[in-house]
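Participant: quick one, what's the 3D model for this:
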Amino acid sequence: MFAQCLKIVLKLSAMPTFKVLVRPPMKNDGTYNVKIRITHNRESKYIKTPYYVSEKDLSKKKKDGRVELKIKNHAILDTLEEVVLGYKKKLLSAGFGVESWSLERLIKYIETDEQSFKLDFIEYCRRYVDNVRSEGRSGTARQYGIAINALIRFIGREDLDISEINYSFLKAFENHLRNEPVYKGIRSGEAIATDKPKKGRAISLYISCIKTIYERAKDEYNDEECGIINIPYSPFKKYKIPEVPISEHRTLTIQQIQSIIDLPYKVVTRRGLPEYNTAKDVFLISFALMGINTADLYEMKSFDGDILTYNRRKTRTRRKDMAEMKVRIEPQIKALVEKYRGKEHAFIFGEYYSTPLNFNKIVNKGLKAIGKQIGVPNLNYYYARHSMASICANKLGIDIARVDEMLNHSDPKLALSRVYIERDFKPLWEANKRLLDLFDWSFYEKGE
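Facilitator: A predicted model of the protein is given here:
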């Protein structure tokens with residue numbers, strides 16, 4: 001028992017000490033700020049208080065040639081002693097681990113007032129979107145921005161304290177989204193309502209965006225090791241985000257892909273890249289290069305004539321391998337790829353379109369016309385990626401894990417292995433060659 005008590009006494013002796021005092025210099029109005037000196041592990045710092053005293057509240061005493069100022073105003077002393085007592089109680093609630101804290105961490109802990117914490121969630125969301133955009137993830141930033149705009153329409157104002165977000169709030173937001181039409185952006189930056197209802201995918205995506213930002217705010221403003229819990233609630237633990245309904249697969253048959261290859265070009269008289277013809281070619285480039293996205297075609301720089309190297313824009317900032325992919329150019333599509341070679345980039349698309357988003361819009365516009373010709377009225381660019389994966393898996397029997405690699409997906413279980421093991425792209429190239437061998441590419445081989 002004695003040893004146990006001694007251990008507690010020794011631990012308490014390592015706790016910080018506090019002293020209320022004033023220090024020169026005097027302010028112009030003749031007052032001094034009252035400070036609290038905190039000493040911990042032989043290091044001291046001073047915490048300012050909102051209290052000031054004048055000469056009449058002080059007594060002066062000379063010591064070692066210096067004038068020491070001592071507060072004699074008992075009202076001030078009693079008030080500050082209450083503050084110090086609050087600090088001590090808070091430290092006791094943090095446990096004996098306090099003794100190993102740095103002085104900076106200790107001060108941060110005692111000065112944090114959880115009750116008065118406020119965070120404008122809308123403003124925080126906008127900062128988050130700006131950071132995502134600065135990382136070069138403009139498409140992701142745009143998606144988050146759309147979700148935030150939907151949240152603003154729901155609450156009917158431009159500010160929202162994070163403490164307002166709870167289970168009931170999220171359910172009401174979900175119901176609002178279900179009853180709200182699709183909004184379409186216009187060039188002025190505004191948004192106009194259409195007569196189309198929102199689909200389940202949009203509802204799930206919007207709320208998922210809000211959840212991601214909410215959890216990021218908790219990570220930023222809470223410090224559980226220090227006992228600082230500014231955002232104590234976890235509404236997403238109880239609230240379940242609606243599941244995305246299974247939609248029709250955006251997949252073309254081998255015959256439909258072949259029909260796109262064989263489509264004749266439209267005769268054009270204008271200079272530049274013709275919309276229809278470019279849409280056809282870009283769609284087939286994506287299909288033949290293992291489902292590459294328009295943003296990566298737009299930005300890609302490394303191309304030695306036989307091997308294309310790029311880092312997938314969508315995930316390169318979130319993966320340790322920076323989502324690197326190397327694609328071998330097979331003979332069947334060499335003429336098609338060479339047709340769009342650029343000077344500063346691998347392809348010329350950046351020279352003709354102002355942004356990757358505009359490039360994608362023009363391609364999808366041309367694909368609508370192509371889709372009508374082959375009997376797929378909703379044809380868009382994603383069909384190339386989905387069709388490549390489905391044909392490889394279902395018609396060629398290529399292992400789904402290998403197909404995932406071709407799509408440049410990342411398996412979290414293999415993330416660490418990717419750091420240590422040099423990646424071999426040759427199996428992917430062989431699988432892609434088998435895919436391209438299914439088709440007759442003579443339209444392009446003859447240099448159309």
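
Participant: may I have stretch 43-55 as CSV, with CA atoms only?
Facilitator: Taking Å, rounded to 0.1, in the frame of the first residue of the first chain, the C-alpha atoms of stretch 43-55 are listed here in CSV:
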residue,chain,number,x,y,z
GLU,A,43,10.2,24.6,-18.8
SER,A,44,8.0,27.6,-18.3
LYS,A,45,5.6,29.6,-20.5
TYR,A,46,3.1,32.3,-19.8
ILE,A,47,-0.6,32.3,-20.7
LYS,A,48,-2.2,35.6,-21.2
THR,A,49,-5.5,36.3,-19.4
PRO,A,50,-8.2,38.9,-20.2
TYR,A,51,-7.5,40.6,-16.9
TYR,A,52,-5.5,43.8,-16.2
VAL,A,53,-4.4,45.5,-13.0
SER,A,54,-3.2,49.0,-12.2
GLU,A,55,-0.5,50.2,-9.8
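
Participant: which parts of the stretch 201-350 of the chain are helices?
Facilitator: For the stretch 201-350 of the chain, the helices defined by DSSP state H, counting those that start in this stretch occupy 235-238, 254-262, 275-288, 294-299, 334-339, 349-352.

Participant: what's the first one in contact with?
Facilitator: Under the contact criterion Cβ atoms under 8 Å, 6 or more residues apart in numbering, helix 235-238 has outside partners 165-167, 169-170, 211, 214-215. Glycine gets a C-beta too; all of them are placed from N, C-alpha and C.

Participant: doesn't residue 49 make contact with residue 33?
Facilitator: Yes - Residue 33 is within contact range of residue 49, at 7.0 Å (criterion: Cβ atoms under 8 Å).

Participant: give the contact list for residue 133.
Facilitator: Going by Cβ under 8 Å, 6+ apart, the list of residues near residue 133 reads residue 141.

Participant: helix or strand for it, just tell me which one.
Facilitator: helix 121-134 (DSSP states H and E).

Participant: buried stuff in that helix?
Facilitator: 121-122, 124-126, 128-129, 132-133 (16 or more other Cβ atoms under 10 Å).

Participant: and of those, the nearest to residue 350?
Facilitator: residue 133 (18.4 Å; Cβ to Cβ).

Participant: against residue 140, how distant is the closest one?
Facilitator: Taking Cβ to Cβ, to the nearest Å as the criterion, residue 133 is separated from residue 140 by 8 Å.

Participant: please work out the average pLDDT along stretch 138-155.
Facilitator: Stretch 138-155 shows a mean pLDDT of 90 in the predicted model.

Participant: and the contacts of it?
Facilitator: Contacts with stretch 138-155, where a contact means Cβ under 8 Å, 6+ apart, come from 122, 125-126, 128-130, 132-133, 158, 160, 172-173, 176-177, 180, 183, 191, 205-207, 209-210, 212-213, 295, 313-314, 355-357.

Participant: buried ones among those?
Facilitator: Buried positions within the contacts of stretch 138-155, assessed by neighbour count (16+ other Cβ under 10 Å), are 122, 125-126, 128-129, 132-133, 160, 173, 176-177, 180, 183, 205-207, 209-210, 213, 295, 313, 356.

Participant: and the helices of the stretch 201-350 of the chain as CSV, adding mean pLDDT?
Facilitator: Supplementary listing: the helices of the stretch 201-350 of the chain in CSV, determined by pLDDT from 0 to 100:
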stretch, mean pLDDT
helix 235-238, 90
helix 254-262, 94
helix 275-288, 94
helix 294-299, 89
helix 334-339, 92
helix 349-352, 88
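
Participant: dump these to TSV, plus distance to residue 305.
Facilitator: Formatted as TSV, the entries for the helices of the stretch 201-350 of the chain read as follows, by distance: least, Cβ to Cβ, whole Å:
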stretch	distance to residue 305
helix 235-238	50
helix 254-262	23
helix 275-288	15
helix 294-299	17
helix 334-339	9
helix 349-352	18
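
Participant: and of the ones you listed, who's closest to residue 436?
Facilitator: Nearest to residue 436 among the helices of the stretch 201-350 of the chain is helix 275-288; the distance by Cβ to Cβ comes to 5.9 Å.

Participant: got a pLDDT number for the spatially most central residue of the chain?
Facilitator: In the chain, the centroid-proximal residue (Cα atoms, centre = their mean) is residue 132; its distance is 5.6 Å. In this prediction, residue 132 carries a pLDDT score of 88.

Participant: in space, what's closest to it - neighbours in sequence excluded?
Facilitator: Distance criterion Cβ to Cβ, 6 or more residues apart in numbering; nearest residue to residue 132, sequence neighbours excluded, is residue 141 at 4.3 Å.

Participant: what strand or helix carries the one you found?
Facilitator: For residue 141, the element it lies in under DSSP H and E is helix 138-155.

Participant: my read: residue 348 touches residue 340, true?
Facilitator: Yes - here residue 348 reaches residue 340: they are 5.5 Å apart, a contact under Cβ under 8 Å.

Participant: need the longest strand for this protein.
Facilitator: Selection of the longest strand in the chain by residue count, based on DSSP state E, yields strand 43-54.
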